[in-house]
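*Asks:* What shape does this take:
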Amino acid sequence: MEQTKILNQQYINKFDRVIQIFIILFVLGSPFSITITQVSLTIALLAWATRMFYQRKFDVQSTPLDYIFLAYLIFETSSMIFSPEPMKALQNFKRMLLIPIVYLIASNVKEVKFARKLILVLISVTFAMSCYGIYKYLSGVGGLEGRLRLFHHWMTSGAILMIIGLMTLAFLFTRIPRKYLIYLLIAIIPILLSLIFTFTRSSWLGFAGGIFIMGLLRARKIIIPLTVLGIIAVFLAPAGIQDRVRSIVDPTHVNNIERLNMWQSGIAMIKDRPLTGFGDIDLGEIYQQYKLPNAKENVGHLHNNFVHIGAILGIPGIIVLLSLMIIAFIKELQIYLKISKDDWFKQGLSLGSIAVLIGFNINGLFDWNFGDAETVMLFWFSMGICFALPFLNENEKVTS
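*Replies:* Here you go, the predicted structure:
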């Protein structure tokens, strides 16, 4: 009997090892490869499910978002049923399969040592990719025309760099030991430069919003100096970057006009189908029916999370998305406030997750980042690791 228990535990430990390896690979691939990320995620989820079946134990960490995710599933399904193109909506139903990232991370990151390893991998790979990105940008034509793409699109690249940049920067707001401080200071410079070189305004705004919330929570005295420093940096920046920053508040800029056109068309779509939307489909053909006379672009999404969700899932979808973000913010804030200020690692992770939540939503006011798999996977990872913090095993206490 005792031998059987020992053997069973050995099998469970092997499952845990497989899960951890593929979570590490998932994190490793996040800054540069959707293939590595999705394959690793699939294997980690399958190994986790197999371990629970073997143990005959439902080992899933509950979260404050359980019922919100259930509501999202219900409205995603109902919108698919009533969609004018249900089969295409079924294809995009796969985005629901990314939500388990929250539970995978919250349930399987159980020790500070493992959590620290994941963050180290994420920052190190992003640092390396950013160095490559800077070389790539400087070797090209530069400027807006030669904007940096680490992924297939500069907006995706900007959003990913924004998320990882905020997670990295958050530790600098804590009582971090000097040996880690030096490494993070070295790492954050190319990450920030790469973010700038994407020329993605929404990611710049999201990053600024994330810094603001971190300053508000951790160091209010530096908010004004940082703001002044940011303004000075813009004035000293090359003309192309200055023009890009000024375009953010320029109501006559062609991209700003186009986004307003998209949002007006999206609101008209919501008015026509307020309960179920058009289903989770590419809105390219439908947009043609609602396109304003002065609109020039033909788009498949509406460059705003809430407007787009409303168009595809109806008003219930907007309520679910808004509830998800508010509840997640409250929970992450509660976790942050309960952590000792001497525990720099947990403080940094929780603070970074809050900043990511704010940055993601600001970025999502001008882009459909909730529908971008590469971006939203990192968003779910950030949320999951924050939810794991209250339950981390302190076998190796990480303090200053």
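
*Asks:* C-terminal to the lowest-mean-pLDDT helix or strand in the chain, what's the next element?
*Replies:* Taking mean pLDDT, DSSP states H and E as the measure, the chain has helix 2-29 as its least confident helix or strand, at a mean of 83. As assigned by DSSP states H and E, the chain's next helix or strand after helix 2-29 is helix 34-55.

*Asks:* what is the orientation angle of that next one with helix 2-29?
*Replies:* 160 degrees (axes from the mean of the first three to the mean of the last three Cα atoms, to 10 degrees).

*Asks:* how far is the helix or strand following helix 34-55 from where the chain is centred?
*Replies:* Where DSSP H and E defines the elements, the next helix or strand beyond helix 34-55 is helix 66-81. Chain-centre distance of helix 66-81: 21 Å, with Cα atoms, centre = their mean, to the nearest Å.

*Asks:* in helix 66-81, what counts as buried?
*Replies:* Going by neighbour count (16 or more other Cβ atoms under 10 Å), the buried part of helix 66-81 is Ile68, Phe69, Ala71, Tyr72, Phe75, Glu76, Ser78, Ser79, Met80. From N, CA and C alone the C-beta is placed, and that goes for glycine too.

*Asks:* Could you dump those residues into a markdown table and include distance to Ile330 and pLDDT?
*Replies:* Converted to a markdown table, the buried residues of helix 66-81 look like this (distance: Cβ to Cβ, whole Å; pLDDT from 0 to 100):
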| residue | distance to Ile330 | pLDDT |
| --- | --- | --- |
| Ile68 | 12 | 97 |
| Phe69 | 16 | 97 |
| Ala71 | 17 | 97 |
| Tyr72 | 18 | 97 |
| Phe75 | 22 | 96 |
| Glu76 | 24 | 96 |
| Ser78 | 27 | 95 |
| Ser79 | 27 | 95 |
| Met80 | 30 | 95 |
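
*Asks:* and which of those is nearest to His153?
*Replies:* When the buried residues of helix 66-81 are compared for distance to His153 (Cβ to Cβ), Glu76 wins out at 24.2 Å.

*Asks:* Would you check that my belief about that closest one contacting Lys94 is correct?
*Replies:* No: with contact defined as Cβ atoms under 8 Å, Glu76 does not reach Lys94; the gap is 10.7 Å.

*Asks:* if I pick Asn256, what's in contact with it?
*Replies:* Going by Cβ atoms under 8 Å, 6 or more residues apart in numbering, Asn256 touches Ser247, Asp250.

*Asks:* Just the element for it, please.
*Replies:* helix 254-272.

*Asks:* on that earlier part again, pick out whichever of the buried residues of helix 66-81 sits closest to Gly359.
*Replies:* Ile68 (20.3 Å).

*Asks:* contacting residues around the nearest residue to Phe22 once chain neighbours are set aside?
*Replies:* Leaving aside its chain neighbours, Phe22 sits nearest to Ala44 (3.9 Å; criterion: Cβ to Cβ, 6 or more residues apart in numbering). Residues in contact with Ala44 (Cβ under 8 Å, 6+ apart) are Val18, Ile19, Phe22, Ile23, Phe26, Leu104, Asn108.

*Asks:* before we move on, what about Tyr72?
*Replies:* Met96, Ile99, Gly317, Val320, Leu321, Leu324.

*Asks:* after the helix holding Asn256 comes which helix or strand?
*Replies:* helix 284-290.

*Asks:* Quick one: residues in contact with that next one.
*Replies:* Contacts of helix 284-290 (Cβ under 8 Å, 6+ apart): Pro84, Met262, Ser265, Gly266, Ala268, Met269, Phe278, Asn298, Val299, Gly300, Leu302, Ala311.
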